[in-house]
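S.K.: okay, predicted coordinates and the sequence, questions at the end:
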Protein chains: 2
Amino acid sequence: MKVDGKDIRPIWFDEDAKTVKIIDQRVLPHEFVITDLKTTDDAIMAIKEMYVRGAPLIGVTGAYGVYLAALHSETKEELIAECNRLKSARPTAVNLAWGADRVLSEILKSGASELSQKSIDTALKEAAEIAELEAENCRKIGEHGLSLVEEISSRKGGKTVNLLTHCNAGWLACIEYGTATAPMYAAYDNGIDIHVWVDETRPLNQGARLTAWELGKHGIKHTVITDNAGGHLMQHDMVDMVIVGTDRTTYTGDVANKIGTYLKALAAKDNGIPFYVALPSSTFDWTLRNGMKDIPIEERDPDEVRYVRGSDTTESLDAYGQSVGAEETRYIRGDERVMTHNVLIPPNDSPAANYAFDVTPARLVTGFITERGICEATEEDIKRLFPD
Amino acid sequence: MKVDGKDIRPIWFDEDAKTVKIIDQRVLPHEFVITDLKTTDDAIMAIKEMYVRGAPLIGVTGAYGVYLAALHSETKEELIAECNRLKSARPTAVNLAWGADRVLSEILKSGASELSQKSIDTALKEAAEIAELEAENCRKIGEHGLSLVEEISSRKGGKTVNLLTHCNAGWLACIEYGTATAPMYAAYDNGIDIHVWVDETRPLNQGARLTAWELGKHGIKHTVITDNAGGHLMQHDMVDMVIVGTDRTTYTGDVANKIGTYLKALAAKDNGIPFYVALPSSTFDWTLRNGMKDIPIEERDPDEVRYVRGSDTTESLDAYGQSVGAEETRYIRGDERVMTHNVLIPPNDSPAANYAFDVTPARLVTGFITERGICEATEEDIKRLFPD
C-alpha cells in the first residue's frame, strides 16, 4: 500500500541488501522505523515482541523465518529444530505454523540431509509466494466484502455507512489491503461514503496506533474510540456493521481474535447489527472443533497492561511530521527509541494480567468474508466454501 | 478510610484553614495532592476537570459548592444563579443537582432575600450532613452486599471469591467505603477470601489508577486488566460476581454508569454471572422511566481518549514511594505537575470521540444493593424498597 506516495509492505525481501526487512509496528504511528531480520532469532524476536503482528503477517514472517533459518543451518535436522523454535514464538495465531511448515516442506522435498544453496533459494521463493498469495487473498476478501457494504449503503440511500473494527486487521497485519479493512478500502475506492469507528484496542493500542494511521493515510474518515464505547454506539444506531479479523478460527466457526472481540460481538447481537469476520483460508484451523476449549490463549507480559507507550506531547507534533515517511533503518537489537516512551498507569505494586485473545462463539458471528466468498459461521457452510 | 495509617476522605471542610479540601484524583496514584476549593468556580472546575468524580462525591462537592457560592453571594437570587451554573458542571450524575438543591433549599427556607452569616452556617452544616449521610449509606451498602459475597464464598467452600468491577465506585468516589467496593471491604474485613479483577476503565483509567490504589492500600488482592478482558474471564469461570456503581439509575432499573459497563453486563448475562449495581438512594432518578432515551450522556474532550496520563517509568518507583502519604497542598489553578504526564496514542491528525457513560438496560441487571437492602431491577421491586 502507499504511505506518503511510496509503495510499501510490512515485510519484504530487499534484493539489494539481501535482507528481510520489516516495519517496526511497535512505534507506529509516531516513528516509522524499518528493521532488518538476519537470523531465526531476529524473526522470533520480531514475532514475540510484536515488531510484526496480525495473523497473515505472522504467517509470512514465519515463512521468511524458515529462509533465515536455512541460511544458518547445515542440515535438515538442524533446520527442523530451528523451525520448531520459530513456530512456538506465539501460540494463538495458526498462520505461523502454516507459513513456516509450508516453506519447510518445500525444502524437505529434496532427498539430501544436508542443506544446499538450492534449499535456500527454494525457501526464499516459497516465502515470497506465500506473501503474494496472502496479498491476493486480501484483495479478494475486499471484493467479496464490498458487496456487504454496498448493500448497506444503498439501503441507507447513500448516507454514510458506519463500520466498527477492533484491533488492526489492516494491511499492516497482512501484506496488502488487510482482512477486516479490505472491504473498507474497496468501498472507499468505489466511492461509497464510509466512516470507521476504530477501537483503540488495549493493551497495545493497535487500533488507535495502526488502524487509524492506515485509514488516515488512505483518506478514509475514521474516529478513534475507547474499547468501552462500541456498545453505546451500537445501542444508538451509530454502527451499521462490525468487521474484525481473526488469529485462528475453528472449522465450526469459533473465532479467536484480539481480546475484547467477544464483547463487541455480544453488543452487535444484542442490537441486531451484522458482525462479520474477514479471513484468508490460512487462518482456519481444520483440526479444532471447540474454540473455547481448544484454542490456546496467549498470556503476555503484564507490563503491556501496566504501561502505555505513546509520544510525548511536547514532541508529538513535530515528531509525527518528521518521522513518518522519513524512513530510518535500525537493527532489531540495541536500538534507542527517542520519540515514544512508556508511562505507568496503575500503582507500581498492583499486579496485572494480560490475556491477549478471546474466543467469540460461532453463534455470535453473522458470517465470514473469505477469499472464496462469504459464508455463515457454521461447519456446514464453511465446508461448502472449503470442501478441500 | 485509612491511607498509610492516616484517616482521610476525598472531600472535607478543614476547620483550621476554613477551607474545603479535596484529593486531586487526576494524578493518583502517582501523586498525592490536596487541593483547596475557595469559590464556586473552584468547585465547578474540580467537578468538570474531574479532580473529584463519582456520583456520591460529585453530590457532596455540589453541596459544598453551594456553601462556597453562599460565601461569595449577596442575595438569594445571586446564589440561585450560581447554583444553576454549578449544577450544569456535569450532565449525567443525578447526585450533583440532588446535593446542591438540598443545601440550597435549606438556605431558602429563611424569609430574607439577603444572605446572612446564618445562611452560610446553614450551608456548611447541611453539606457536612450530606457527607455523613453518604458515608453511612455506603456503610450499609457494604453490610447488605456482604451477604451476597458470603453466599458465594460458602458455596465455593471458602475458596477465593472473584469479583469484577468497572471504573472506581470506591471510597474515592464516595466519602467512605464506596458503593461497589463497600461489599468488598466488608467481605475482606470479615475474613472472606476475595480477589478483585479491576477493569482499567479507559479513557481516564479510574479503575487502574484509583480502584487498584484503594484496594491495595486496604490489603485486598486484586489484578488490573484491560477493559477488553472481562468477557474472556467470565467465559472461563474466573468471575463469580460483577459489582459496579452508577451515576444515575431510573426508577425502572436502567443504569447509567461509566462507558463500557453495558459490555460487561452483556458478558455476565451470556455466562450466567450475577451482575449487581451498588448505589445509595440519592442516585435513583425518580423522574426518568427510559434510561436509554432519557439519561443525558456526557461527551467529553476527545483528548482524554487520545492522550494517556501516567508516570514516567524512569521516575515511577521513587515517585510512588515518596509521593503517596507525603501530603502536599496546591491550589486548583497554576499548579505544576511534575511526576505524571500525557503521551499521545493515535496519529496526531486522527479524530477521537469520548462518550463518558452508557446505559445498561434493567434486563441485564441481577439486582441493586442499596442502603435499605437488595432489590431486583424492576420498577415494582425498587418501589417496594423505596415507597417514599
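M.R.: On my side now, so go ahead. Computed from a predicted model, the values in this text were never measured in an experiment. Residues are numbered from 1 along each chain as shown, chains lettered A, B, ... in the order given.

S.K.: by proximity to chain B, which residue of the stretch 101-250 of chain A wins?
M.R.: Using CB to the nearest CB, the closest approach of the stretch 101-250 of chain A to chain B is made by A:Asn228 at 2.7 Å. Where C-beta positions appear, they are placed from N, C-alpha and C, glycine not excepted.

S.K.: who touches stretch A:72-88?
M.R.: A:39-40, A:43-44, A:47, A:62, A:65-66, A:69-70, A:96-97, A:100-101, A:104, A:107-108, A:112-115, A:119 (CB atoms under 8 Å, 6 or more residues apart in numbering or on different chains).

S.K.: show me what counts as buried in the strand or helix carrying A:Leu124.
M.R.: In the assignment (DSSP states H and E), A:Leu124 maps to helix A:117-155. Within helix A:117-155, the residues that count as buried by 16 or more other CB atoms under 10 Å in any protein chain shown are A:119-120, A:122-124, A:126-128, A:130-131, A:133-135, A:137-146, A:148-150, A:152-153.

S.K.: what is the helix or strand that comes right after that helix packed up against?
M.R.: The helix or strand immediately downstream of helix A:117-155 is strand A:161-165, counting by DSSP H and E. Strand A:161-165 is packed against helix A:117-155, helix A:182-189, strand A:194-199, helix A:230-235, strand A:241-244, with contacts defined by 3 or more CB pairs under 8 Å, 6 or more residues apart in numbering or on different chains; DSSP states H and E.

S.K.: CA atoms only for the shortest one, dumped as CSV, please.
M.R.: It refers to strand A:241-244. C-alpha atoms of strand A:241-244 as CSV (Å, rounded to 0.1, in the frame of the first residue of the first chain):
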residue,chain,number,x,y,z
MET,A,241,-21.7,-3.3,10.6
VAL,A,242,-18.8,-4.7,12.6
ILE,A,243,-15.8,-6.3,10.7
VAL,A,244,-12.9,-7.8,12.5
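
S.K.: that one: partners in the sheet, and parallel or antiparallel?
M.R.: strand A:161-165 (parallel), strand A:275-278 (parallel) (DSSP bridges).

S.K.: how far does the shortest one sit from its chain's centre?
M.R.: If I follow you right, that is strand A:275-278. 14 Å (CA atoms, centre = their mean, to the nearest Å).

S.K.: now do that strand, average pLDDT.
M.R.: Averaged across strand A:275-278, pLDDT comes to 98.

S.K.: pull out the buried residues from it.
M.R.: In strand A:275-278, counting by 16+ other CB under 10 Å, buried: A:Phe275, A:Tyr276, A:Val277, A:Ala278.

S.K.: helix or strand right after that strand?
M.R.: Downstream of strand A:275-278 (by DSSP H and E), the next one is strand A:284-285.

S.K.: before we move on, the earlier item: neighbours around the residue of the stretch 101-250 of chain A closest to chain B, how many?
M.R.: 32 (other CB atoms under 10 Å in any protein chain shown).

S.K.: that one and B:Glu200 touch, don't they?
M.R.: No: assessed by CB atoms under 8 Å, A:Asn228 is found out of contact with B:Glu200, at 9.8 Å.

S.K.: okay, now the unreliable bits of chain A?
M.R.: A:313-338 (pLDDT under 70).

S.K.: which parts of it are helices?
M.R.: A:40-48, A:55-71, A:76-87, A:95-108, A:117-155, A:182-189, A:206, A:212-218, A:230-235, A:261-270, A:291-294, A:303-306, A:313-323, A:379-385 (DSSP state H).

S.K.: out of those helices, which is the most enclosed?
M.R.: Across these, averaging neighbours per residue (mean count of other CB atoms under 10 Å in any protein chain shown) puts helix A:55-71 on top, at a mean of 29.

S.K.: that one - contacts with which helices or strands?
M.R.: Packed against helix A:55-71 by the contact rule (3+ CB pairs under 8 Å, 6+ apart) you find strand A:11-14, strand A:19-23, strand A:33-37, helix A:40-48, helix A:76-87, helix A:95-108, helix A:117-155.

S.K.: adding distance to A:Asp381, write the ones you listed out as CSV.
M.R.: Output for the helices and strands packed on helix A:55-71, formatted as CSV (distance: least, CB to CB, whole Å):
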stretch, distance to A:Asp381
strand A:11-14, 32
strand A:19-23, 36
strand A:33-37, 39
helix A:40-48, 32
helix A:76-87, 30
helix A:95-108, 22
helix A:117-155, 14
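
S.K.: from A:Leu172, how far off is the residue nearest to A:Asn190 when sequence neighbours are not counted?
M.R.: Of all residues not flanking A:Asn190 in the chain, A:Leu146 sits nearest, at 6.5 Å (CB to CB, 6 or more residues apart in numbering or on different chains). The spacing between A:Leu146 and A:Leu172, counted by CB to CB, to the nearest Å, is 21 Å.

S.K.: repeat for A:Glu299
M.R.: 24 Å.
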